[in-house]
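Visitor: For reference, the sequence and a predicted model appear below.
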Amino acid sequence: MTEQVFRLIPATQNYPWGKKGSSSLAAQLADGAGIPDFKIDESQPYAEMWMGTHPNAPTRVHSTGQLLSEHLAVHPELVGQSVIKRFGLENGQIPFLFKVMSFDKALPVQIHLDRHTAERVHSENPRAYVADSNHNPEMVLALSDFGALCGFLPTFQVSEFLSFVPEFASLFTPDIIAHFTSVVRSPDESERKSALKDLFSCYAQVDKEEAVAQLKRLVERYQAGKESDKEKIVKSLVLQLHDMYPDDSGVFCAFILNYFDFKPGHAFSVATGEPHAYITGDIIECMATSDNTIPLAFSSHLDVPTFLTNVAYNPTPGKSLIQPTMFTRGSTHTSGSLLYNPPIDELAVMQVIVAKGGVESHHKLRGPSIAVVVEGEGAVVWAEGAKRLGVRKGQVVFIAAGTEVKYSAFETAFKLYRAFVEVA
């Protein structure tokens with residue numbers, strides 16, 4: 001017999017775009033998580049804290065040091081047979097990967113693949129895509145002010161940049177520009193998408209030396225204050241990306257992709273093939289269990305052919321946010337439990353805030369959960385009050401399928417995020 005609720009040891013990832021030292025929320029949480037020998041190095045970047053069964057940075061059981069996947073393989077009832085069957089899980093895997101991410105430098109501009117393509121790419125090139133063959137749809141939930149590139153700009157807006165930004169226009173042949181500008185307001189969506197495909201393919205394969213030379217001219221012009229009125233909306237983004245990646249033609253993505261400023265509590269999902277790059281902030285990220293991404297820019301490991309074959313050309317003027325719903329009666333953004341439920345089968349996330357001295361109850365879920373405490377301290381109570389586990393900032397717990405739990409706050413408010421999967 002094993003416990004239905006127990007602590008976990010997460011893993012950290014020190015990617016170069018992470019925030020340094022204790023300025024990183026991922027590092028702060030890792031410092032409280034009970035990771036053996038973990039100590040924050042103020043000179044090192046801390047980009048991600050992983051909670052799940054993916055082999056690239058697997059989670060362990062706190063009490064034994066055993067891999068969570070090994071523990072779940074011996075105790076499949078903790079995951080639940082309906083979840084195991086629905087997702088074809090083997091060897092103690094769970095279907096989602098839960099992360100806290102902190103970055104002050106842009107991640108690579110990238111896309112995610114659908115399951116069929118991921119399987120094919122993994123099979124054809126296992127050395128490059130050695131991690132897994134799974135797809136990885138994802139949901140993002142902002143914990144701080146958060147800037148991101150996501151999805152293609154409307155074609156008319158790209159056309160305006162071609163007209164007003166000569167350095168950007170110089171990357172394309174005259175016939176590509178002429179065709180693109182002639183159809184940007186066409187009522188035929190397929191025609192607009194086809195023209196965007198041609199334009200973007202040309203950009204992705206541009207001569208890098210020429211692109212860097214044009215980037216230098218653009219930045220010098222902006223630094224001298226010589227931008228047109230039409231360029232003012234994108235000037236600061238261009239300079240910000242250039243500061244991060246001074247010799248990367250990916251900076252020109254500022255004229256092709258949407259930029260969004262998200263606030264804490266904003267959440268959205270990323271569609272298969274949707275180009276995106278997170279730039280600054282702290283977020284919760286939850287995805288199907290995969291570590292496969294296809295980068296186009298801001299990376300030394302580019303895969304332009306695979307990117308161009310699988311990118312989705314869907315220009316849009318905005319990004320639809322996931323509207324949270326009340327998981328428990330009376331929930332608000334300042335107390336209770338809010339449910340963020342994206343259109344992704346493998347996952348959902350709850351924000352749980354318990355007021356000082358308060359209690360928040362969750363009914364049984366038909367699947368496993370992982371929860372991470374981000375503020376305060378309290379206790380997780382189960383088995384009709386017979387068992388309790390004290391937890392504080394940074395600590396991570398596993399909650400078995402079919403377990404009713406209560407969260408009790410102590411001397412301060414208690415805030416956590418709970419990722420889970422349910423199936424009928």
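Guide: Nice, I can see it.
Visitor: Is residue 158 in a helix, a strand, or coil?
Guide: Of the three states, residue 158 takes helix under DSSP: H, G, I helix; E, B strand; the rest coil.
Visitor: For the residue lying closest to it once chain neighbours are set aside, give me the pLDDT.
Guide: In space, and not counting its chain neighbours, residue 158 is closest to residue 256: 5.9 Å by Cβ to Cβ, 6 or more residues apart in numbering. C-beta coordinates here come from the backbone N, C-alpha and C atoms, glycine included. What the model reports for residue 256 is a pLDDT of 97.
Visitor: can you give me phi and psi for residue 256?
Guide: phi -120, psi -30 (degrees, to the nearest 10).
Visitor: Now do residue 173 against residue 256, distance only.
Guide: 16 Å (Cβ to Cβ, to the nearest Å).
Visitor: out of the two, which sits in the more crowded spot?
Guide: Neighbours were counted for residue 173 and for residue 256 using other Cβ atoms under 10 Å; residue 256 has more, 21 against 10.
Visitor: Provide a list of residues in contact with that one.
Guide: Counting by Cβ atoms under 8 Å, 6 or more residues apart in numbering, residue 256 makes contact with 152, 153, 158, 200, 203.
Visitor: Need the buried ones from the residues you listed selected in PyMOL.
Guide: Burial among the contacts of residue 256 is assessed by 16 or more other Cβ atoms under 10 Å; the matching PyMOL selection reads:
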select buried, resi 152+153+158+200+203
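Visitor: Just give me the neighbour total for residue 39.
Guide: By other Cβ under 10 Å, the residues close to residue 39 number 7.
Visitor: meant to ask about residue 36
Guide: Neighbour number of residue 36 under other Cβ under 10 Å is 8.
Visitor: Also residue 358?
Guide: By other Cβ under 10 Å, the burial measure for residue 358, its neighbour count, is 15.
Visitor: sorry, back to before: what is the most widely separated pair among the contacts of residue 256?
Guide: Within the contacts of residue 256, 153 and 203 form the most distant pair, 12.7 Å apart (Cβ to Cβ).
Visitor: Any idea what residue 98 is bridged to?
Guide: For residue 98, the beta-bridge partners under DSSP bridges are residue 51, residue 286.
Visitor: Now do it, the pLDDT please.
Guide: pLDDT, residue 98: 98.
Visitor: what residue ranges in the protein score low on pLDDT?
Guide: 126-133 (pLDDT under 70).
Visitor: can you pull out the strands in the stretch 51-200 of the chain?
Guide: Assigned strands in the stretch 51-200 of the chain, in chain order: 60-61, 96-103, 109-111, 138-142, 146-152 (criterion: DSSP state E, counting those that start in this stretch).
Visitor: typo on my end, the stretch 201-350 of the chain
Guide: Going by DSSP E, counting those that start in this stretch, the stretch 201-350 of the chain shows strands at 257-262, 267-270, 276-288, 294-297, 325-326, 336-340, 348-354.
Visitor: The last one: partners in the sheet, and parallel or antiparallel?
Guide: This points to strand 348-354. Using DSSP bridges, the strands paired with strand 348-354 are strand 336-340 (antiparallel), strand 414-420 (antiparallel).
Visitor: How about the shortest one?
Guide: Each strand that pairs with strand 325-326, with its direction, by DSSP bridges: strand 336-340 (antiparallel).
Visitor: How about the second one?
Guide: Partner strands and pairing direction for strand 267-270 (DSSP bridges) are strand 138-142 (antiparallel).
Visitor: Specify the angle between the partner strand and strand 276-288 in degrees.
Guide: Relative orientation of strand 138-142 versus strand 276-288 (axes from the mean of the first three to the mean of the last three Cα atoms, to 10 degrees): 110 degrees.
Visitor: if we can go back for a sec, any chance of the strands of the stretch 201-350 of the chain in a markdown table, plus distance to residue 192?
Guide: Shown next, in a markdown table, are those (distance: least, Cβ to Cβ, whole Å):
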| stretch | distance to residue 192 |
| --- | --- |
| strand 257-262 | 16 |
| strand 267-270 | 22 |
| strand 276-288 | 21 |
| strand 294-297 | 21 |
| strand 325-326 | 35 |
| strand 336-340 | 32 |
| strand 348-354 | 34 |
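Visitor: could I get these as TSV with mean neighbour count and distance to residue 405?
Guide: Shown next, in TSV, are the strands of the stretch 201-350 of the chain (neighbours: other Cβ atoms under 10 Å; distance: least, Cβ to Cβ, whole Å):
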stretch	mean neighbour count	distance to residue 405
strand 257-262	19	30
strand 267-270	22	23
strand 276-288	23	19
strand 294-297	24	38
strand 325-326	11	18
strand 336-340	21	11
strand 348-354	24	10
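Visitor: Could you name the stretch from those that's closest to residue 61?
Guide: Proximity to residue 61 (Cβ to Cβ) singles out strand 276-288 among those, at 20.7 Å.
Visitor: Which other helices and strands does that closest one contact?
Guide: strand 96-103, strand 109-111, strand 138-142, strand 146-152, helix 232-244, strand 257-262 (3 or more Cβ pairs under 8 Å, 6 or more residues apart in numbering; DSSP states H and E).
Visitor: Where do the helices of the stretch 301-424 of the chain begin and end?
Guide: 304-310 (DSSP state H, counting those that start in this stretch).
Visitor: now the stretch 51-200 of the chain
Guide: Counting by DSSP H, counting those that start in this stretch, one finds helices in the stretch 51-200 of the chain at the ranges 68-74, 81-87, 115-124, 155-164, 166-169, 174-183, 189-204.
Visitor: Mind giving me the packing neighbours of the longest one?
Guide: If I follow you right, that is helix 189-204. helix 155-164, helix 174-183, helix 304-310.
Visitor: Now that helix: buried residues?
Guide: Across helix 189-204, burial judged by 16+ other Cβ under 10 Å covers 192, 193, 194, 195, 196, 198, 199, 200, 201, 203, 204.
Visitor: and those as a markdown table, adding distance to residue 395?
Guide: What follows is these, written out as a markdown table (distance: Cβ to Cβ, whole Å):
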| residue | distance to residue 395 |
| --- | --- |
| 192 | 50 |
| 193 | 47 |
| 194 | 52 |
| 195 | 52 |
| 196 | 46 |
| 198 | 51 |
| 199 | 49 |
| 200 | 44 |
| 201 | 47 |
| 203 | 45 |
| 204 | 43 |
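Visitor: what about the nearest residue to residue 168 once chain neighbours are set aside, neighbour count?
Guide: In this structure, residue 168 finds its nearest non-sequential neighbour in residue 255, 4.9 Å apart by Cβ to Cβ, 6+ apart. Using other Cβ under 10 Å, residue 255 has 24 neighbouring residues.
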